[in-house]
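K.L.:
Pasting the sequence and the predicted model now:
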Amino acid sequence: SQKIEQNSEALNIQEGKTATLTCNYTNYSPAYLQWYRQDPGRGPVFLLLIRENEKEKRKERLKVTFDTTLKQSLFHITASQPADSATYLCASPPSGTYKYIFGTGTRLKVLA
Amino acid sequence: GAVVSQHPSWVICKSGTSVKIECRSLDFQATTMFWYRQFPKQSLMLMATSNEGSKATYEQGVEKDKFLINHASLTLSTLTVTSAHPEDSSFYICSADPDSTDTQYFGPGTRLTVL
(Lines give C-alpha, C1' and ligand atoms only; values in the text may rest on other atoms or scores of the structure.)
Protein backbone atom coordinates (compact mmCIF):
# COMPACT_ATOMS: atom_id res chain seq x y z
CA SER A 1 0.00 0.00 0.00
CA GLN A 2 1.03 3.61 -0.49
CA LYS A 3 2.69 5.02 2.59
CA ILE A 4 4.48 8.04 3.93
CA GLU A 5 6.80 7.59 6.87
CA GLN A 6 8.55 10.11 9.05
CA ASN A 7 11.26 8.16 10.77
CA SER A 8 11.78 10.30 13.81
CA GLU A 9 8.92 10.57 16.23
CA ALA A 10 10.75 13.24 18.20
CA LEU A 11 13.82 15.37 17.67
CA ASN A 12 15.52 17.65 20.20
CA ILE A 13 18.09 20.18 19.05
CA GLN A 14 19.88 23.16 20.50
CA GLU A 15 18.79 26.67 19.60
CA GLY A 16 20.69 28.04 16.64
CA LYS A 17 21.37 24.64 15.07
CA THR A 18 19.79 23.30 11.89
CA ALA A 19 16.96 20.83 12.32
CA THR A 20 16.59 18.20 9.59
CA LEU A 21 13.43 16.12 9.33
CA THR A 22 12.95 13.18 6.99
CA CYS A 23 9.94 12.00 5.02
CA ASN A 24 10.03 8.76 3.00
CA TYR A 25 7.34 7.52 0.67
CA THR A 26 6.77 3.99 -0.63
CA ASN A 27 4.76 2.31 -3.37
CA TYR A 28 3.91 5.46 -5.30
CA SER A 29 5.46 8.46 -6.99
CA PRO A 30 3.97 11.70 -5.72
CA ALA A 31 3.73 14.62 -8.07
CA TYR A 32 4.42 16.87 -5.09
CA LEU A 33 5.01 16.78 -1.36
CA GLN A 34 3.94 19.26 1.27
CA TRP A 35 5.16 20.11 4.72
CA TYR A 36 2.90 21.36 7.49
CA ARG A 37 3.42 22.60 11.01
CA GLN A 38 0.98 21.55 13.72
CA ASP A 39 0.90 23.01 17.21
CA PRO A 40 -0.86 21.13 20.05
CA GLY A 41 -4.64 21.36 19.77
CA ARG A 42 -4.51 23.18 16.44
CA GLY A 43 -4.98 22.31 12.79
CA PRO A 44 -1.95 21.95 10.50
CA VAL A 45 -0.55 25.08 8.89
CA PHE A 46 0.88 24.88 5.38
CA LEU A 47 4.58 25.66 5.08
CA LEU A 48 6.02 24.54 1.76
CA LEU A 49 5.16 22.54 -1.34
CA ILE A 50 7.80 20.95 -3.56
CA ARG A 51 7.08 19.32 -6.91
CA GLU A 52 8.77 16.23 -8.32
CA ASN A 53 10.73 18.27 -10.88
CA GLU A 54 12.10 20.60 -8.19
CA LYS A 55 15.20 19.66 -6.27
CA GLU A 56 14.93 22.32 -3.60
CA LYS A 57 12.58 24.99 -2.32
CA ARG A 58 13.28 27.72 0.22
CA LYS A 59 11.23 30.08 2.33
CA GLU A 60 13.03 32.25 4.85
CA ARG A 61 14.74 29.80 7.27
CA LEU A 62 13.00 26.78 5.77
CA LYS A 63 14.34 24.53 3.05
CA VAL A 64 12.80 21.44 1.49
CA THR A 65 14.43 18.96 -0.87
CA PHE A 66 12.87 16.23 -2.96
CA ASP A 67 14.92 13.22 -4.08
CA THR A 68 12.89 10.94 -6.33
CA THR A 69 15.73 8.40 -6.45
CA LEU A 70 15.79 7.99 -2.69
CA LYS A 71 12.01 8.49 -2.49
CA GLN A 72 12.61 11.05 0.19
CA SER A 73 12.01 14.64 1.16
CA LEU A 74 14.11 16.48 3.71
CA PHE A 75 12.86 19.50 5.65
CA HIS A 76 15.43 21.84 7.17
CA ILE A 77 15.00 24.67 9.64
CA THR A 78 18.17 26.75 9.90
CA ALA A 79 19.05 28.90 12.92
CA SER A 80 16.33 27.13 14.87
CA GLN A 81 14.49 28.93 17.64
CA PRO A 82 12.39 27.68 20.56
CA ALA A 83 9.35 29.08 18.72
CA ASP A 84 9.97 26.48 16.01
CA SER A 85 9.04 23.73 18.47
CA ALA A 86 6.02 21.92 17.02
CA THR A 87 5.06 18.77 15.17
CA TYR A 88 5.93 18.80 11.49
CA LEU A 89 3.96 16.69 9.04
CA CYS A 90 4.66 15.74 5.46
CA ALA A 91 1.84 14.87 3.13
CA SER A 92 1.04 14.17 -0.47
CA PRO A 93 -1.75 12.75 -2.60
CA PRO A 94 -1.04 9.49 -4.42
CA SER A 95 -1.00 9.82 -8.20
CA GLY A 96 -4.40 10.33 -9.71
CA THR A 97 -6.12 11.26 -6.47
CA TYR A 98 -6.66 14.37 -4.43
CA LYS A 99 -6.78 12.55 -1.10
CA TYR A 100 -3.77 13.30 1.03
CA ILE A 101 -1.72 10.74 2.89
CA PHE A 102 -0.05 12.17 5.99
CA GLY A 103 3.05 11.03 7.77
CA THR A 104 2.84 10.46 11.51
CA GLY A 105 4.81 13.63 12.14
CA THR A 106 8.03 14.54 13.88
CA ARG A 107 7.79 16.40 17.16
CA LEU A 108 10.58 18.96 17.15
CA LYS A 109 11.76 20.59 20.35
CA VAL A 110 14.29 23.41 20.15
CA LEU A 111 16.11 23.86 23.43
CA ALA A 112 17.11 27.33 24.56
CA GLY B 1 -3.22 32.51 2.49
CA ALA B 2 -6.67 30.98 2.43
CA VAL B 3 -8.54 30.88 5.72
CA VAL B 4 -10.71 28.04 6.97
CA SER B 5 -12.68 28.28 10.19
CA GLN B 6 -14.37 25.66 12.33
CA HIS B 7 -17.06 25.93 14.92
CA PRO B 8 -17.16 25.02 17.72
CA SER B 9 -13.52 24.76 18.74
CA TRP B 10 -14.46 22.28 21.43
CA VAL B 11 -17.59 20.49 22.56
CA ILE B 12 -18.49 18.14 25.37
CA CYS B 13 -21.62 16.06 25.04
CA LYS B 14 -23.37 13.13 26.63
CA SER B 15 -23.32 9.71 25.08
CA GLY B 16 -26.19 9.21 22.64
CA THR B 17 -26.50 12.84 21.59
CA SER B 18 -25.63 14.30 18.20
CA VAL B 19 -23.06 17.00 17.59
CA LYS B 20 -22.71 19.23 14.54
CA ILE B 21 -19.38 20.73 13.50
CA GLU B 22 -19.18 23.50 10.91
CA CYS B 23 -16.34 24.15 8.50
CA ARG B 24 -16.25 27.39 6.54
CA SER B 25 -13.92 28.74 3.89
CA LEU B 26 -13.78 32.46 4.67
CA ASP B 27 -12.11 34.00 1.65
CA PHE B 28 -12.52 31.47 -1.13
CA GLN B 29 -15.01 29.04 -2.54
CA ALA B 30 -14.48 25.33 -2.12
CA THR B 31 -16.34 22.75 -4.14
CA THR B 32 -14.53 20.08 -2.14
CA MET B 33 -13.75 19.94 1.55
CA PHE B 34 -12.17 17.18 3.57
CA TRP B 35 -12.86 15.88 7.06
CA TYR B 36 -10.10 14.30 9.13
CA ARG B 37 -9.92 12.74 12.55
CA GLN B 38 -6.81 12.78 14.69
CA PHE B 39 -6.23 10.77 17.85
CA PRO B 40 -3.56 11.82 20.37
CA LYS B 41 -0.03 11.50 19.04
CA GLN B 42 -1.29 10.10 15.76
CA SER B 43 -1.47 11.55 12.30
CA LEU B 44 -4.50 12.83 10.46
CA MET B 45 -6.78 10.17 9.02
CA LEU B 46 -9.09 11.15 6.21
CA MET B 47 -12.69 10.32 7.03
CA ALA B 48 -14.55 11.66 4.04
CA THR B 49 -14.55 14.02 1.11
CA SER B 50 -17.36 16.52 1.09
CA ASN B 51 -18.63 17.61 -2.32
CA GLU B 52 -20.79 20.67 -2.79
CA GLY B 53 -24.21 19.73 -4.05
CA SER B 54 -23.66 15.99 -3.97
CA LYS B 55 -23.09 13.13 -1.59
CA ALA B 56 -19.93 12.83 0.42
CA THR B 57 -17.40 10.11 -0.31
CA TYR B 58 -16.44 8.13 2.78
CA GLU B 59 -13.20 6.30 3.40
CA GLN B 60 -13.21 2.61 4.12
CA GLY B 61 -14.27 1.86 7.66
CA VAL B 62 -16.04 5.18 8.24
CA GLU B 63 -19.77 4.78 8.90
CA LYS B 64 -21.67 7.20 6.71
CA ASP B 65 -24.82 6.91 8.83
CA LYS B 66 -22.88 7.90 11.91
CA PHE B 67 -20.89 10.74 10.41
CA LEU B 68 -23.32 12.76 8.34
CA ILE B 69 -21.78 15.28 6.00
CA ASN B 70 -23.60 18.11 4.27
CA HIS B 71 -21.96 20.54 1.86
CA ALA B 72 -24.82 22.89 1.15
CA SER B 73 -22.84 25.82 -0.22
CA LEU B 74 -19.45 26.62 -1.69
CA THR B 75 -18.23 27.92 1.68
CA LEU B 76 -19.80 25.60 4.23
CA SER B 77 -19.57 21.92 5.05
CA THR B 78 -20.96 20.35 8.21
CA LEU B 79 -20.11 17.10 9.95
CA THR B 80 -22.72 15.68 12.31
CA VAL B 81 -21.65 12.93 14.68
CA THR B 82 -24.89 11.08 15.39
CA SER B 83 -25.53 9.12 18.59
CA ALA B 84 -22.04 9.92 19.80
CA HIS B 85 -20.20 7.47 22.04
CA PRO B 86 -17.01 7.90 24.07
CA GLU B 87 -14.96 6.20 21.35
CA ASP B 88 -15.93 9.07 19.01
CA SER B 89 -14.00 11.45 21.23
CA SER B 90 -11.27 12.87 19.03
CA PHE B 91 -9.94 15.96 17.29
CA TYR B 92 -11.86 16.64 14.09
CA ILE B 93 -10.25 18.83 11.44
CA CYS B 94 -11.57 20.02 8.11
CA SER B 95 -9.64 21.32 5.14
CA ALA B 96 -10.29 22.86 1.76
CA ASP B 97 -8.26 23.37 -1.37
CA PRO B 98 -8.77 26.64 -3.22
CA ASP B 99 -9.02 25.75 -6.87
CA SER B 100 -5.74 25.03 -8.65
CA THR B 101 -3.44 25.64 -5.70
CA ASP B 102 -2.54 21.99 -4.89
CA THR B 103 -2.58 23.01 -1.26
CA GLN B 104 -5.01 22.11 1.47
CA TYR B 105 -5.75 24.73 4.10
CA PHE B 106 -6.89 23.44 7.42
CA GLY B 107 -9.32 24.68 9.99
CA PRO B 108 -8.22 25.03 13.62
CA GLY B 109 -9.93 21.79 14.59
CA THR B 110 -12.75 20.79 16.94
CA ARG B 111 -12.08 18.80 20.08
CA LEU B 112 -15.04 16.47 20.75
CA THR B 113 -15.36 14.80 24.13
CA VAL B 114 -18.20 12.36 24.64
CA LEU B 115 -18.97 11.51 28.24
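P.N.:
Okay, I see it.
K.L.:
secondary structure class for residue A:83?
P.N.:
helix (DSSP: H, G, I helix; E, B strand; the rest coil).
K.L.:
residue contacts, residue 110?
P.N.:
Went with chain A since none was named. Residue A:110 makes contacts with A:12, A:13, A:14, A:15, A:19, A:80, A:81, A:82, A:83, A:84, A:85, as judged by Cβ atoms under 8 Å, 6 or more residues apart in numbering or on different chains. Glycine gets a C-beta too; all of them are placed from N, C-alpha and C.
K.L.:
wait, I meant chain B there
P.N.:
Per Cβ under 8 Å, 6+ apart, neighbours of residue B:110: B:6, B:7, B:8, B:9, B:10, B:11, B:21, B:91, B:92, B:93.
K.L.:
Pull out the buried members of the contacts of residue A:110.
P.N.:
Among the contacts of residue A:110, those buried by neighbour count (16 or more other Cβ atoms under 10 Å in any protein chain shown) are A:13, A:19, A:80, A:84, A:85.
K.L.:
Can you convert those into TSV and add a column each for pLDDT and distance to residue A:6?
P.N.:
Listed next are the buried ones among the contacts of residue A:110 as TSV, based on pLDDT from 0 to 100; distance: Cβ to Cβ, whole Å:
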residue	pLDDT	distance to residue A:6
A:13	96	16
A:19	96	13
A:80	97	17
A:84	98	16
A:85	98	16
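K.L.:
which of those lies closest to residue A:42?
P.N.:
Nearest to residue A:42 among the buried ones among the contacts of residue A:110: residue A:85, at 13.2 Å, using Cβ to Cβ.
K.L.:
Touching, the closest one and residue A:109? I think so.
P.N.:
Yes. Residue A:85 lies in contact with residue A:109 (Cβ atoms under 8 Å); the separation is 5.0 Å.
K.L.:
Who are the packing partners of the helix or strand hosting residue B:48?
P.N.:
For residue B:48, the enclosing helix or strand under DSSP states H and E is strand B:45-51. Other helices and strands packing on strand B:45-51, by 3 or more Cβ pairs under 8 Å, 6 or more residues apart in numbering or on different chains; DSSP states H and E, are strand B:32-38, strand B:57-58, strand B:67-73.
K.L.:
Adjacent strands (with direction) for the shortest one?
P.N.:
Read that as strand B:57-58. When sheet partners are counted by DSSP bridges, strand B:57-58 sits next to strand B:45-51 (antiparallel).
K.L.:
Could you give me the buried positions within the strand it pairs with?
P.N.:
For strand B:45-51, a neighbour-count test (16+ other Cβ under 10 Å) marks B:45, B:46, B:47, B:48, B:49, B:50 as buried.
K.L.:
And the fifth one, how close does it get to residue B:35?
P.N.:
Read that as residue B:49. Residue B:49 sits 8 Å away from residue B:35, going by Cβ to Cβ, to the nearest Å.
K.L.:
The first one now?
P.N.:
Distance check for residue B:45 against residue B:35: by Cβ to Cβ, it reads 10 Å.
K.L.:
Where does the prediction get shaky in the chain?
P.N.:
Using chain A here. Residue ranges of chain A with pLDDT under 70: none are present.
K.L.:
right idea, wrong chain: chain B
P.N.:
Chain B contains residues with pLDDT under 70 at B:100.
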